[in-house]
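> here's my sequence, what's the structure:
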Amino acid sequence: MLVPAARPDRPTRTHGWAWLVLTACLALHVADEAAHDFLALYNPVAVRIRAALPFLPLPVFSFPVWLGGLVLAVIVLAALSRYAFTGRAWIRPASYVYAVFMLFNGLTHIVGSLYTQRPLAGVLTAPLLVLASAFLAWSVPREPATRAGPVP
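From the prediction side, this is the model:
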């Protein structure tokens, strides 16, 4: 199990739960995008942007590569939650980067749906990403940092 057991000398931390909540929301978001054919929108847009801006290396994905990469990312992020639970100092900036990236991801789906006046793939779970990102960013400064060392 990724979540360390609560002990009297080290209570379970809000930061760790916030990290796990955002990671669970990301997993739901990936499923939402996969179920609603996100690549049908993304790949043609990426090709057009690459044609207009050749210096911008936007990848074009096949479904198995795209889904496999995102599943791997979710697994790695879930595994990193133990460092948020134990209060490692280096996880603080990583938490802010993670929260900002997921906030941008969620808002992009919402704004894109409003702009096109149709629901885009991923818009159903985008509000969850926005809320969970805010929760993670809020939780970071509330936890005392610990020195780097082996994780029990």
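> where does the chain dip in pLDDT?
By pLDDT under 70, the low-scoring segments of the chain are 1-12, 141-152.
> longest single helix anywhere in it?
Looking across the chain with DSSP state H, the single longest helix is helix 91-116.
> could you tell me how far that one lies from the centre of the chain?
Chain-centre distance of helix 91-116: 8 Å, with Cα atoms, centre = their mean, to the nearest Å.
> what of stretch 105-119?
For stretch 105-119, the distance to the chain centre is 18 Å (Cα atoms, centre = their mean).
> show me what counts as buried in it.
105-106, 109-110, 112-113 (16 or more other Cβ atoms under 10 Å). C-beta here means a position set from N, CA and C on the backbone, and glycine is covered the same way.
> cool, and stretch 82-91?
Buried-residue list, stretch 82-91, by 16+ other Cβ under 10 Å: 82-88, 91.
> check stretch 70-79 too.
70, 74, 77-78.
> reformat those as TSV; add secondary structure.
TSV is the format used below for the buried residues of stretch 70-79 (DSSP: H, G, I helix; E, B strand; the rest coil):
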residue	secondary structure
Leu70	helix
Val74	helix
Leu77	helix
Ala78	helix
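> between those, which is nearest Phe135?
Leu77 (14.8 Å; Cβ to Cβ).
> what about Val60, how many residues nearby?
14 (other Cβ atoms under 10 Å).
> one step back: pull the most distant pair out of the buried residues of stretch 70-79.
Leu70 and Ala78, at 12.6 Å, using Cβ to Cβ across the buried residues of stretch 70-79.
> what about Phe38, distance to Val74?
In this view, Phe38 and Val74 are 15 Å apart by Cβ to Cβ, to the nearest Å.
> next: Leu22.
Computed with Cβ to Cβ, the distance linking Leu22 and Val74 is 11 Å.
> likewise for Leu26?
6 Å.
> over to Leu53?
Distance from Leu53 to Val74, by Cβ to Cβ: 29 Å.
> ok, Asp37 next?
19 Å.
> now the helices for this structure?
Using DSSP H, helices in the chain cover 14-35, 38-52, 63-85, 91-116, 126-139.
> would you mark the buried spots in the shortest one?
Meaning helix 126-139. Here helix 126-139 shows 126, 128-130, 132-137, 139 as buried, counting by 16+ other Cβ under 10 Å.
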